[in-house]
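Chemist: Sharing a model prediction with you, sequence too.
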Amino acid sequence: MSSNLEITRKACVVGWPIAHSRSPIIHKFWLTHLGLAGSYDSVAVTPPDFVAFAHDLAANGFVGANVTIPHKQTAFEVCGKVTPTAASLGAVNTLWLEHGALCGDNTDVAGFLAALDEEAPGWDRAEGHAVVLGAGGAARAVVHALRHRGKRVLLANRTRARAESLATDAGAGVEVYDWARLPSALKGASLLVNTTSLGMKGHPALDIDLAPLPPHAVVNDIVYFPLETALLRAAKSRGLRTVSGVGMLLHQAAPGFERWFGVRPSVTPELRGLVEADVLKSL
Ligand SMILES: NC(=O)c1ccc[n+]([C@@H]2O[C@H](COP(=O)([O-])OP(=O)(O)OC[C@H]3O[C@@H](n4cnc5c(N)ncnc54)[C@H](OP(=O)(O)O)[C@@H]3O)[C@@H](O)[C@H]2O)c1
């Protein structure tokens, strides 16, 4: 009985463009390793077509979907029910159906925290604030996650007004810093997170001096293309603990898989190796 149900379970990742997404590798790995008969594919949907796609999700045989750029805000708007995390961010990256109603969550928050907990245990108990670079969609999830763990956040972005808007939405504990004042923000910080697209292949490098960071600081670059950015190399050469963006990518996928296929999957070294090999192949 249950295997017949599993056969009908079909999920996808929807975005525009979508060819670059590693989500199918992750979910197909879990389906195979858990012996489940579902499917997971990429679906390219343009912005004007997204609302209709979301409304027709069940009619098209899907039990849910991951949502990526540029649809995360629209996905939030079309949901009948969202988690408190998604409500705080105004963005949804995971859709599922409950009694026919479209529901949404933002699992980037849990994914970011799970990666840090796994790769830099104790990071949230270390003395000092966090410095977050960037104020785009990913920064909103990262700042929300850091405030959830009680970290004070100093936020710097090329466009200061965007950082101010994020800080206002996030509430107490988030202070905007001019990019030019980064050296003083880094002093005493226990965590530095890059959420800008700087350092990503095809984008300029993120060029900042890490010297003011204390020796116990952790440096997390959520950019995972390349796997090791110049920022992470610089942090390693200073002897600092580093966390790449791959862990967040892997961990944010798990809650959706559990909702659609009924089993909580694990982020294993084998899965990480598979995704890292795919990134290396594409560079
Ligand atoms: N590891 C993961 O699971 C994961 C998840 C989500 C995102 N990411 C990565 O995070 C990065 C950001 O994603 P996003 O969705 O937040 O993008 P986004 O909303 O477009 O935000 C981009 C951010 O980068 C900044 N930026 C872009 N070009 C810059 C430049 N030349 N100089 C200084 N700042 C610059 C922008 O500053 P302005 O506001 O001034 O334009 C903004 O803060 C991407 O590389 C993405 O791949 C990783």
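Modeler: Okay, I see it. Source: prediction; values computed, not measured.
Chemist: For the ligand, what's its nearest residue on the stretch 51-200 of the chain.
Modeler: Nearest residue of the stretch 51-200 of the chain to the ligand (C-beta to the nearest ligand atom) works out as Gly136 at 2.0 Å. All C-beta atoms are positioned from the backbone trio N, CA, C, and that covers glycine.
Chemist: Which residues lie in contact with the spatially closest residue to that residue that is not a sequence neighbour in this structure?
Modeler: Spatial nearest neighbour of Gly136, chain neighbours left out: Thr195 (6.7 Å); criterion: C-beta to C-beta, 6 or more residues apart in numbering. Taking C-beta atoms under 8 Å, 6 or more residues apart in numbering as the criterion, Thr195 is in contact with 132-134, 136, 138-139, 142, 222.
Chemist: For the residue of the stretch 51-200 of the chain closest to the ligand, give me its contacts.
Modeler: Going by C-beta under 8 Å, 6+ apart, Gly136 touches 162, 195-197.
Chemist: now that we're looking at it, how far away is Asn60 from it?
Modeler: Per C-beta to C-beta, to the nearest Å, Gly136 is found 30 Å from Asn60.
Chemist: Run through who's touching the helix or strand containing Ala234.
Modeler: Secondary structure from DSSP states H and E places Ala234 in helix 230-237. Residues from elsewhere that reach helix 230-237, judged by C-beta under 8 Å, 6+ apart: 192, 194, 199, 205-208, 210, 219, 221, 241-242, 244.
Chemist: Tabulate those (TSV), appending distance to Leu274, pLDDT and secondary structure.
Modeler: Converted to TSV, these look like this (distance: C-beta to C-beta, whole Å; pLDDT from 0 to 100; DSSP: H, G, I helix; E, B strand; the rest coil):
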residue	distance to Leu274	pLDDT	secondary structure
Leu192	28	98	strand
Asn194	24	98	strand
Gly199	23	96	coil
Ala205	27	93	coil
Leu206	27	96	coil
Asp207	32	92	coil
Ile208	32	96	coil
Leu210	31	98	coil
Val219	25	98	strand
Asp221	21	98	strand
Arg241	24	98	strand
Thr242	21	98	strand
Ser244	15	97	coil
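Chemist: By neighbours, which of those wins?
Modeler: If you count neighbours using other C-beta atoms under 10 Å, the busiest of the contacts of helix 230-237 is Asp221, which has 28 neighbours.
Chemist: Would you mind measuring from that residue to the ligand?
Modeler: Using C-beta to the nearest ligand atom, to the nearest Å, one obtains 9 Å as the distance from Asp221 to the ligand.
Chemist: Show me how far the helix or strand encompassing Arg147 is from its chain's centre.
Modeler: Arg147 belongs to helix 137-148 when assigned by DSSP H and E. Put simply, helix 137-148 sits 10 Å off its chain's centre (C-alpha atoms, centre = their mean, to the nearest Å).
Chemist: May I have the strands that pair with the helix or strand just after that helix, each with its orientation?
Modeler: Sequence-wise, the next helix or strand downstream of helix 137-148 (DSSP H and E) is strand 153-156. As defined by DSSP bridges, the strand partners of strand 153-156 come to strand 129-133 (parallel), strand 174-176 (parallel).
Chemist: Send me strand 153-156 as PDB with only the CA atoms.
Modeler: Taking C-alpha atoms only, strand 153-156 is exported to PDB below (Å, rounded to 0.1, in the frame of the first residue of the first chain):
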ATOM      1  CA  VAL A 153      24.700  41.100  14.300                       C
ATOM      2  CA  LEU A 154      26.700  43.900  12.600                       C
ATOM      3  CA  LEU A 155      25.500  44.100   9.000                       C
ATOM      4  CA  ALA A 156      27.400  45.700   6.100                       C
END
